[in-house]
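Peer 1: This is the structure alone, sequence omitted:
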């Protein structure tokens, strides 16, 4: 093999030109190559490798902007997005002391260099902005106090649609050559692709979360419309359950499982009557009550996002001493999340009954605390009850 270039980091040989080593991500040394970017090039590859693991859009875009400044040796950078009507560009990220203020500025798409790039969907490199009629200091410089001398601006495009622009400003005085180059443009274009994909991905994720949240609310409304419990029962059980879980230092996916299971713990009521009718069994309140945990677990178990909440729903009527249902589980054999929900619902049920009897708030609180205390290590896991007394003020 005729070696044209060799990686400056891992010594990987190449028989044709590469700007960056596919093996380790460092820029290549050899005939016709320079090592201008150095180890900083790895930042670009880190973004690509870690892209799917970054859920916070602001954090990811800030990382991309910082990398853009480093790789192009610029004094500042920003990411600007088009509004829904595609009439204005607004700053999504902006560095410097007045970055927070700059993010409040809107620029009409018909004005400025950024507007031109967004309209034309083409990159633009300007060495001296004072000589370009498209530049207007009044749009941002006069408001931010930053003085732009040169600018490199590229469109952010996703599936042939411009969603914004990314720009770097002022080549640093200590940078070789002292001006932006075509290599800088290529690097910024690559970074803008990451930025565009991350923004679209974030919006899709947000839409999915909003859709899922709305579906949860619809299900809860359906549950409570035919329930013996008072309005808001599921939300109160979830609030108490999550407070106890936080006190027990339950976090991440385990915490989310408890949250979803506590909200949907009674979803089985929606399917219980139909199942009894399909089996031609007698429909009674006692039978519905006994089978609704297992039916609820079956209903959510087929939903990938909720499948880990299913065991908690199935066991949310199990009790510490084994006297619960549907499977008579006892002690530690009951999932911790289910022990928490069982306790929270028992407290909430008592609260509902007392309020229905016309009891006043101080009396309700006292009776709830007395009930919980009397049943520690009988109906309830001692650590769950202890967490309740430390963390939770019973709602009244």
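Peer 2: The structure has been received and is ready for your questions. As the structure is a computational prediction, the values presented were derived from the model and not from experiment.

Peer 1: make it CA atoms for all contacts and neighbour counts henceforth
Peer 2: Will do.

Peer 1: and stretch 246-260, which residues are buried?
Peer 2: The neighbour-count check on stretch 246-260 (16 or more other CA atoms under 10 Å) flags 250, 255-260 as buried.

Peer 1: Columns distance to residue 329, secondary structure and pLDDT on top of those residues, output as JSON lines?
Peer 2: As requested, the buried residues of stretch 246-260 are exported to JSON lines (distance: CA to CA, whole Å; DSSP: H, G, I helix; E, B strand; the rest coil; pLDDT from 0 to 100):
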{"residue": "250", "distance to residue 329": "22", "secondary structure": "coil", "pLDDT": "96"}
{"residue": "255", "distance to residue 329": "22", "secondary structure": "helix", "pLDDT": "95"}
{"residue": "256", "distance to residue 329": "23", "secondary structure": "helix", "pLDDT": "93"}
{"residue": "257", "distance to residue 329": "20", "secondary structure": "helix", "pLDDT": "95"}
{"residue": "258", "distance to residue 329": "18", "secondary structure": "helix", "pLDDT": "96"}
{"residue": "259", "distance to residue 329": "22", "secondary structure": "helix", "pLDDT": "94"}
{"residue": "260", "distance to residue 329": "22", "secondary structure": "helix", "pLDDT": "94"}
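
Peer 1: and which of these is nearest residue 157?
Peer 2: For these, the minimum distance to residue 157 (CA to CA) is 34.6 Å, reached by residue 256.

Peer 1: ok, back up a step: next, format the buried residues of stretch 246-260 as JSON lines and append distance to residue 89.
Peer 2: Output for the buried residues of stretch 246-260, formatted as JSON lines (distance: CA to CA, whole Å):
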{"residue": "250", "distance to residue 89": "42"}
{"residue": "255", "distance to residue 89": "39"}
{"residue": "256", "distance to residue 89": "36"}
{"residue": "257", "distance to residue 89": "40"}
{"residue": "258", "distance to residue 89": "41"}
{"residue": "259", "distance to residue 89": "38"}
{"residue": "260", "distance to residue 89": "38"}
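
Peer 1: Which two of those have the greatest separation?
Peer 2: For those, with distances taken as CA to CA, the pair at the greatest spread is 250 and 260 (14.1 Å).

Peer 1: residue ranges with poor pLDDT in the stretch 201-350 of the chain?
Peer 2: Scanning the stretch 201-350 of the chain for pLDDT under 70 picks out the ranges 226-228.

Peer 1: Next, count neighbours for residue 68.
Peer 2: Using other CA atoms under 10 Å, residue 68 has 27 neighbouring residues.

Peer 1: sec struct for it, please.
Peer 2: What DSSP: H, G, I helix; E, B strand; the rest coil gives for residue 68 is helix.

Peer 1: With that, I have no additional questions.
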